[in-house]
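# Sequence first, predicted coordinates after that:
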Amino acid sequence: MIPYITRRLALLLPVMLIVGTVTFTLIHLTPGDPAAVMLGPEATPEEVERLRRQMGMNDPLPLQYASWLADAARFDLGDSIFLNRSVASAIVERAAPTLQLAFYALTIALLVGVPAGIIAALRQNSPVDRLLMTLSIGGTAIADFFLGILLILLFSVTLRWLPSGGYVEFTVSPVAHARSMVLPSLALGLSIAGLPARLIRSTMLDILREDYIRTAVAKGLRPSVVAFRHAFRNALLPLVTVLGYTLGDLLGGAVVVETVFSLPGIGQLVVNSIGRRDFPVIQGVVMVIAVFYLLSNLLVDVLYVYLDPRVRHVRR
Amino acid sequence: MTYVPDTPQCRPATDVTPRPDRVSRRTFLRRALAAAVSASALPTLLSACGGGGEDRSGATAVTPRPDPRLPHYGETLRVALSGEPPSLDMIQSTDAIVLLVTGHMYETLFTWDGDYLPVPLLAESHEVSDDGLLITLRLRGGVPFHNGEVMDADDVIASIGRWERVVGIGELLLGHVDAIIAVDQHTIEFRLNAPYGTFAVALARGLQGCAIHPKSVLDRSDDYNLAEPIGTGPYRFVGWQPDRHIQLERFAGYASTAGDPDGYAGRKARYLDGIEFVPVRNEASRLAGLQAGDYHYLETVSPDHYPTLLDDPNVAVDLLPPDSWLSVVLNMRSPVLASLDVRRAIQLALDHEPIMQAAFGEGFFELTPTLLPGADAWHSDAGAEHFNQRRPDVARELLQQSGYDGSPLRFLTTQEIQQEYNGTLVMAQQLETIGFTVDVQVLDGAALSAARNDEGRWEMYSAWASFRPDPTMRNITASATGWWEDEAKDQLLADLGAELDFGARFAIWEQVQHLFYEQVPRLKIGDSRRILVRSPKLRGAGPDELQPDFSNAWLEG
Amino acid sequence: MSAGRAGAAGSASIRGRPRGWRATYQPDRRRVWHRLLFATPAAVISLAFLIAIALAAFLAPVIAPHDPLLLDPAVRLRGPSATHWFGTDALGRDVFSRVIHGARVSLLVGVSVTAISAAAGSLLGLLAGYYRRLDGVIMRAMDGFMAFPGVLLAIAVVVSLGPHASSVVLALTLVYTPVVARLVRSTTLVIRELPYVESARATGLPDHAILWRYVFINSISPLTVQCTFIIAYAILAEASLSFLGASVSPETATWGNMLRDGQRLVARAWWIAVAPGTILFLTVLAFNLLGDALRDALDPRSRERREDAVVK
């Protein structure tokens, strides 16, 4: 196990180099520069040129690449051009809203999806099953930003129950925090709730057919007890695995929802940074998300191998 | 107090502030607004207009109100911005958001009264010698900075020096100055090599205005990074969490000027405990937030929302008189547009009404040739014969004669400013019908602002001309973008800067405006009437043209 | 997130538990169609709907009552009426005509992304799964692209290459190719160990023939199913990119662009967003239901394992 983990960790380096280089190239292919953004709509070309020089934007690209690489090797992500702070601290500041959004959305997805999956499995091929499964596809088929806007129209504008956006830290006011996170979490959570629903349904159907379940039923245990004590518990493993794999996506993917609800998260940070060409921030965020994604995948792989001995000899 | 323009019942508002001098319709309306919302709680006025808060049809139901709900201290104002300010250093950016935020933190030597005439703010007075070559600037004494230091001549000289190195207008001013000398703590002499008539204008509130910072802070800063956001303003900086908020709090030690609030000048009562600026990029979210009571003021809102907002009791919406205009900059160095005939063909072809309809919607624009809408003293119809001619047939003929070879007009625009984008599409359609090939390129804001500095990259781009109280502020007409190079124009602009007498300056400006329409370096399409969207609880916000001032605003209830 | 990894769950479970049955099970074509058409009414309705959308896209210039790009500011923001069935937008363009024309870009993007990802992903997956030496290099590169947050990668590509359909297709192809590559690689890993492949190799059949005749042909069923979902997610992802302002030029009639224009004005003129939003929803739903039914038909055992369908 240890050599396997070491090998996988070593493989992160070339992957990160690919990610970093591709990002650097893309960024510098992009027309537009931060000096012009900083100076605003009515600046003269002379003013822009002066600021460009000041920012070191006129240095040759290979030089800029080399200096980025040297910094990255020392885990130094540099300073933001606009935010008056280091890239690392900008990312740390934004991590909380994004992680919270991902966590709440996942919780909602599980609270909705898991019972739906169990019910569907117990009532296989009934109209209830069909309805639930169609709803679960429907959830994924609606654009989440559209869902977000509909939620704002209903709950913020019409009913005035919840704020339409903004963010309050949990430590400042737990209640205000909860209120600010409900709608974004719903928009993201409902659109992924179909995943656990369908996964739980299918694994439970598999398991319900296994011999030991038949034995349990034959022994006279009540079907509901069997379903929960045996089938559901065993269906959790694949669920955890799949959710682990999607966590990285969920984080990167909260971008749209953060935009609709003005949540100051990682997604907003990088979208806004692309908009104002804050190169060090774009580069830094992509690197950090990539590392996060790769590590979470590694963790899930390791967990899976550890938890399910059947896989050990099949893989690699 | 809800401001409903063009409603006769509100007009008596001006009776309360009688002004003997020239009053055009626009000044009249603006003054009605300023008076109506200005802090001094004028009971007669409030009863004259009814309490717009819950009685939105106050225009028709005139009910005297015994309790005019006087201004009071307390509460934090929440302002939704359309984006993050790129900097909290006023001189670094022409972005209006920067002025909106930093205008509360920093002050300039001069500011504007209700008629957009420059009046002293941090300055006490300035005197110009008879030959125009010596300007003596006296500063107000006992004005503290947020860090406790007291402003003196050294701070001002250091601030002007940094401003001049970064900002184009600063360069222009200092080009006329041989030496700046601190005579004593509160007196500065500017020794000029040529008369400079717009001294106070150049040093007044504006985009990239010359904010005064303590010398001790500037010593730790460089030209592009301000070490600490410290000024003399009525609100002081508390914290900035990008994409989350910028927080300001009342500056207890603020030294206010005397006199009733008038434009950006006069007393600043600082009723609000604090101001919080929240960037909300999505316009629908911004509106929903105001409707839900999360914000009290929205930085920009498309007039398309006007009808829906009128029906909402939680929103007060004011329609402002025109103060800025939609324009198209032509690249005079482009091989195609170097020809005056081709530029004239464009000018002749366009029908401005549908362009403005698409950009702003019916009722939210005016078509006038003046280049300084909102600054009524400068209103001029010079060149009107070239404005909005709508003669596509003549244009087509002229285009054929000009030898235009069908090479595409690269027309840059951005969807980040929806009005520019909408207008551009209509213009492109109109130009194509008379025989132009138009290549509309929709860029994001960052790409557009970089591309327009590259003369080989474009023929036209859509641009917004924001409000200017004086024609020497920021170059509508300079050679900078679009590269309008013309000796006669440059001479006129130099005279405009040097001349001291308003009548003479106005005559010069009319000639410039005439040249603008004759030589077509840029097209004026039309004036926009913006809408100001706020919570009905917000009262007393100052004028809007150079970004609102909340120093005398308060929140009701 | 829609622009994220389609098939993340599918490929994950496949990675976890390789399914040999896919390789050996040879569905009878007639039975597949029979099952698809008669056992699942949802699939029939979905298919009919998709054919209608495709026809509308193909015949858009004939069907659409107005030019989708024609501006008429005098009639801007009008509600649905006899002349403008779905009303007009902020520039006075006919929303109904734009919805019909929008189908072209949405389907074009969806189909191109899927076709290119399927081709490139299959090739890479076959090579990685069959040749152990290539496996490391190819899959690390795929990991690299999967490690990019999908939406951000797509935005960066579109912003740097310009707002053209080709940039969007390239961007989304980069997102979905690794998904296909992982799927095909995992089936290849299983199939290459099967006895009949061993015997084919023993008879001296060249590698490319084995890869094509045995390995790839047997990957087609899961690939087809996966492709149906990729189309759905590519269409949804294009809309999300448009919403963030990083897709085809905004004047082009696409559902995503219309949603972006319309969401701004949803309180004033709901029809601008609701019309394309509904059609987008129905189209994505139809592709998903079809994919579901297709998999059930190709592989009766999977009737229970529908988890592959829902991945964002």
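Perfect, thanks for sending it.

# Quick one: neighbours of residue C:220, just the number.
Residues lying near residue C:220 (other CB atoms under 10 Å in any protein chain shown) number 15. Yep, even glycine has a C-beta here, placed from its N, CA and C like the rest.

# I meant to write residue A:298 there.
Residues lying near residue A:298 (other CB under 10 Å) number 16.

# Pull the contacting residues for the closest residue to residue B:283 other than its chain neighbours.
Once flanking residues are discounted, residue B:283 sits nearest to residue C:264: 5.1 Å by CB to CB, 6 or more residues apart in numbering or on different chains. Residue C:264 sits next to B:283, B:284, B:302, B:418 when contact means CB atoms under 8 Å, 6 or more residues apart in numbering or on different chains.

# helix, strand or coil for the residue lying closest to residue B:146 once chain neighbours are set aside?
Spatial nearest neighbour of residue B:146, excluding adjacent residues (CB to CB, 6+ apart): residue B:236 at 4.2 Å. Secondary structure, DSSP: H, G, I helix; E, B strand; the rest coil: residue B:236 is strand.

# could you check the distance from residue B:236 over to chain C?
Between residue B:236 and chain C the distance is 35 Å, computed by CB to the nearest CB, to the nearest Å.

# Show me what that residue is bridged to.
With DSSP bridges as the criterion, the beta-bridge partners of residue B:236 are residue B:249.

# and it, how many neighbours?
Using other CB under 10 Å, the number of residues around residue B:236 comes to 24.

# wait, it sits on residue B:107?
No: Residue B:236 is beyond contact range of residue B:107, at 11.7 Å (criterion: CB atoms under 8 Å).

# residues contacting the residue nearest to residue B:146?
Residue B:236 neighbours (CB under 8 Å, 6+ apart): B:105, B:146, B:230, B:248, B:249, B:250, B:251.

# Look at it and report its pLDDT.
Predicted confidence (pLDDT) for residue B:236: 96.

# Residue B:269 too?
94.

# Check the one 3 residues further on too.
In this prediction, residue B:272 carries a pLDDT score of 96.

# which SSE is the closest residue to it other than its chain neighbours in?
Computed as CB to CB, 6+ apart, the closest residue to residue B:272 that is not its neighbour in sequence is residue B:77, at 5.0 Å. Using DSSP states H and E, residue B:77 sits within strand B:76-81.

# Which of the contacts of residue B:236 are buried? Put it as a PyMOL command.
Selection command for PyMOL covering only the buried members of those, criterion 16 or more other CB atoms under 10 Å in any protein chain shown:
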select buried, chain B and resi 105+146+230+248+249+250+251
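
# mind giving me a markdown table with the contacts of residue B:236 and columns for pLDDT?
As requested, the contacts of residue B:236 are arranged in a markdown table below (pLDDT from 0 to 100):
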| residue | pLDDT |
| --- | --- |
| B:105 | 97 |
| B:146 | 97 |
| B:230 | 97 |
| B:248 | 97 |
| B:249 | 97 |
| B:250 | 97 |
| B:251 | 97 |
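
# Tell me the spacing between the residue nearest to residue B:433 when sequence neighbours are not counted and chain A.
Nearest in space to residue B:433, with sequence neighbours left out and distances taken as CB to CB, 6+ apart, is residue B:392 at 6.6 Å. Using CB to the nearest CB, we find residue B:392 at a distance of 30 Å from chain A.

# What number of residues are in the vicinity of residue B:392?
Residue B:392 has 19 nearby residues by other CB under 10 Å.

# tell me the pLDDT at it?
On pLDDT, residue B:392 comes in at 94.

# For it, give me its contacts.
The neighbours of residue B:392, taking CB under 8 Å, 6+ apart as the test, are B:348, B:349, B:351, B:430, B:433, B:434.

# residues near the first one, how many?
So that's residue B:348. 21.

# what sits against it?
By CB under 8 Å, 6+ apart, the residues touching residue B:348 are B:389, B:391, B:392, B:394, B:395, B:398.

# pretty sure the fifth one contacts residue B:436?
Looking back up the chat, that one is residue B:395. No: the criterion here is CB under 8 Å, and residue B:395 misses it with residue B:436 at 9.3 Å.

# what is in contact with these two at once?
By CB under 8 Å, 6+ apart, residue B:395 and residue B:436 have these common neighbours: B:345, B:346, B:349.

# does the second one really touch residue B:525, like I thought?
It refers to residue B:346. No: Residue B:346 lies out of contact with residue B:525 (CB under 8 Å); the separation is 11.4 Å.

# State which one residue of the stretch 101-250 of chain C is found closest to chain A.
Nearest residue of the stretch 101-250 of chain C to chain A (CB to the nearest CB) works out as residue C:149 at 2.5 Å.

# The residue nearest to residue B:370 when sequence neighbours are not counted - how many residues pack around it?
Of all residues not flanking residue B:370 in the chain, residue B:379 sits nearest, at 4.9 Å (CB to CB, 6+ apart). Look at residue B:379: counted by other CB under 10 Å, it has 17 neighbours.

# Ok, residue A:45 next?
16.

# Just the helices from chain C, written as ranges.
C:8-16, C:21-24, C:29-34, C:41-58, C:60-63, C:95-130, C:132-147, C:150-161, C:165-191, C:195-202, C:207-210, C:217-243, C:255-264, C:270-298 (DSSP state H).

# Among these, which comes closest to residue B:375?
When the helices of chain C are ranked by distance to residue B:375, counting by CB to CB, first place goes to helix C:255-264 at 31.1 Å.

# Taking helix C:95-130 as reference, get the angle to that closest one.
With axes from the mean of the first three to the mean of the last three CA atoms, to 10 degrees applied, the angle from helix C:255-264 to helix C:95-130 works out at 130 degrees.

# Measure how far helix C:255-264 is from the centre of its chain, please.
In terms of CA atoms, centre = their mean, to the nearest Å, the centre of helix C:255-264 is set 20 Å apart from its chain centre.

# C-alpha coordinates for it, CSV please?
Extracted in CSV, the C-alpha atoms of helix C:255-264 (Å, rounded to 0.1, in the frame of the first residue of the first chain):
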residue,chain,number,x,y,z
TRP,C,255,-30.3,28.8,-26.2
GLY,C,256,-27.5,29.7,-23.9
ASN,C,257,-27.1,33.3,-25.2
MET,C,258,-30.9,33.7,-25.0
LEU,C,259,-30.9,32.6,-21.4
ARG,C,260,-28.1,35.0,-20.6
ASP,C,261,-30.0,37.9,-22.3
GLY,C,262,-33.2,36.8,-20.7
GLN,C,263,-32.2,36.1,-17.2
ARG,C,264,-31.2,39.7,-16.8
